[in-house]
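Novice: When you get a sec, could you give me coordinates for this:
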Amino acid sequence: MTAPARNRCIDRWLLAPAPPERLAALRILVGVFAVGYLLVRTPHLFTVADFDADRFEGVGVLADLGAPLASSVFRALVVGTILAGIAFVVGWRYRVTGPLFAVLLLVVTTYRNSWGQVFHSENLLVLQVLVLGLAPAAAAWSLDRRRAGEPGPRPGSAFGWPVQVLCLVTVTAYVVTGIAKLRYGGGAWIGGDVLRNQVAFDNLRKIALGDVHSPIGAAAVEHGWVFPPLAVFALAVELGAPVALLPGWPRRAWVVAAWAFHVGILALMAIVFPYQLLGVAFAPFFAIERVPGRLRDRIGRGRSTPTRVPELARAAS
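Specialist: Sure thing, here's the model as predicted:
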């Protein structure tokens, strides 16, 4: 394929039109998860504000921050992020609150990661919120649309490219993780030794600290034959993620495999990736704007069924 032809294919894929409701549904779904995640972790985040300053070392976008923020400032930042997240979800003043929530979420999660423990489970969430925050995701199903008082926009590439970028971000996150496994584990990873040692170390550390551990993983390390196929499966999911960019059964098969991969992590190491396990991370791969309509139809059919019984009885008599 020549370079111009390849570029045309990329443009057709990236600029494929999509309904504004799809992007709006993703805004609501991802935003509800993000706000809920912050609310659940707020007590912990408030505790972080009182950590010993010697433990602080800025990472990521806060790498140049030489000292921790004042406790009151960070707590106010957390509360402000939650409020901006609510505006993000309902689509209020989205041109401001969309980017604002995305940036604040990045800052809050990065600040927490600057105290010695990096939560990799947050990476994909933050990246997808950043994409949504910079996209026209409030063109439908939002307070902004209701206030405008005019018909919503038609499907177009302006709503399609953010969805495709969300898919690409997800795929890239998995591929990068797979490359890292090969780079640092090499053949030992494929042979299962690295995975077995990782499961053993993680569970042993948690047992020693009195933390929640996985009895399944602790028992599995006694059986070395279990880990080579699991290691190969993990690499296949991560390095094979680009197949999710294809429509139809390859996409569905990969999403199921990726979800099963995170179930395996939970079972073997008691490590929870809630964004993936709840399926929110994989929502951009599907036409989720159709879900509310299908639910309404199903509920409507369920309500109408009982009313037919008396009518049938009268007809029979």
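Novice: and the gap between residue 40 and residue 272?
Specialist: Using Cβ to Cβ, to the nearest Å, residue 40 is found at 12 Å from residue 272. In short, each C-beta sits where N, CA and C put it, glycine included.
Novice: where does the protein dip in pLDDT?
Specialist: Regions of the chain meeting the criterion pLDDT under 70 cover residues 1, 3-7, 302, 304-317.
Novice: Which strands and helices lie in contact with the longest helix along it?
Specialist: Among all segments of the chain classified by DSSP state H, the helix with the greatest residue count is helix 157-190. Contacts of helix 157-190 with other secondary structure elements, assessed using 3 or more Cβ pairs under 8 Å, 6 or more residues apart in numbering; DSSP states H and E, are made with helix 3-14, helix 20-48, helix 123-133, helix 193-209, helix 227-239.
Novice: which one of these is the most hemmed in?
Specialist: Neighbour counts averaged per stretch over these are highest for helix 123-133, at a mean of 22; criterion: mean count of other Cβ atoms under 10 Å.
Novice: Following element in sequence after that helix, please.
Specialist: Taking DSSP states H and E as the definition, the helix or strand that follows helix 123-133 towards the C-terminus is helix 143-148.
Novice: Name the nearest residue to residue 181, sequence neighbours excluded.
Specialist: Taking Cβ to Cβ, 6 or more residues apart in numbering, and ignoring the residues beside it in sequence, residue 181 has residue 189 as its nearest neighbour in space, at 5.1 Å.
Novice: any idea how far the one you found is from residue 179?
Specialist: Looking at residue 189 against residue 179, where the rule is Cβ to Cβ, the gap reads 11 Å.
Novice: more crowded one of those two?
Specialist: Each of residue 189 and residue 179 had its neighbours counted (other Cβ atoms under 10 Å), and the higher figure belongs to residue 189 (23 against 13).
Novice: ok, the closest residue to residue 60 other than its chain neighbours - contacts?
Specialist: Distance criterion Cβ to Cβ, 6+ apart; nearest residue to residue 60, sequence neighbours excluded, is residue 110 at 4.5 Å. Contacts here follow Cβ atoms under 8 Å, 6 or more residues apart in numbering; on that basis residue 110 touches 59-62.
Novice: hang on, the earlier thing: off-centre distance for the longest helix of the chain?
Specialist: Remark: helix 157-190 is offset 13 Å from the chain centroid, using Cα atoms, centre = their mean, to the nearest Å.
Novice: Quick one: work out the angle between it and helix 227-239.
Specialist: Relative orientation of helix 157-190 with respect to helix 227-239: 160 degrees, computed using axes from the mean of the first three to the mean of the last three Cα atoms, to 10 degrees.
Novice: mind listing what's buried in helix 157-190?
Specialist: Taking 16 or more other Cβ atoms under 10 Å as the basis for neighbour counts, the residues of helix 157-190 that come out buried are 158-171, 173-174, 177-178, 181, 185, 189-190.
Novice: cool, and stretch 269-281?
Specialist: Neighbour-count burial for stretch 269-281, with 16+ other Cβ under 10 Å as criterion, is recorded at 269-271, 273-276, 280-281.
Novice: For the buried ones among the contacts of residue 110, write the corresponding ChimeraX selection.
Specialist: Paste this into ChimeraX to select the buried members of those, with burial taken from 16+ other Cβ under 10 Å:
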select :62
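Novice: what's the nearest residue to residue 15 if we skip its chain neighbours?
Specialist: If you skip the residues right next to it in sequence, residue 15 has residue 157 as its closest partner in space, 4.0 Å away by Cβ to Cβ, 6+ apart.
Novice: Report the contact partners of that neighbour.
Specialist: Contacts for residue 157 were tallied using Cβ under 8 Å, 6+ apart; they are 15-18.
Novice: follow-up on the earlier one: TSV for the helices and strands packed on helix 157-190, including distance to residue 142?
Specialist: Formatted as TSV, the entries for the helices and strands packed on helix 157-190 read as follows, by distance: least, Cβ to Cβ, whole Å:
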stretch	distance to residue 142
helix 3-14	24
helix 20-48	6
helix 123-133	12
helix 193-209	42
helix 227-239	35
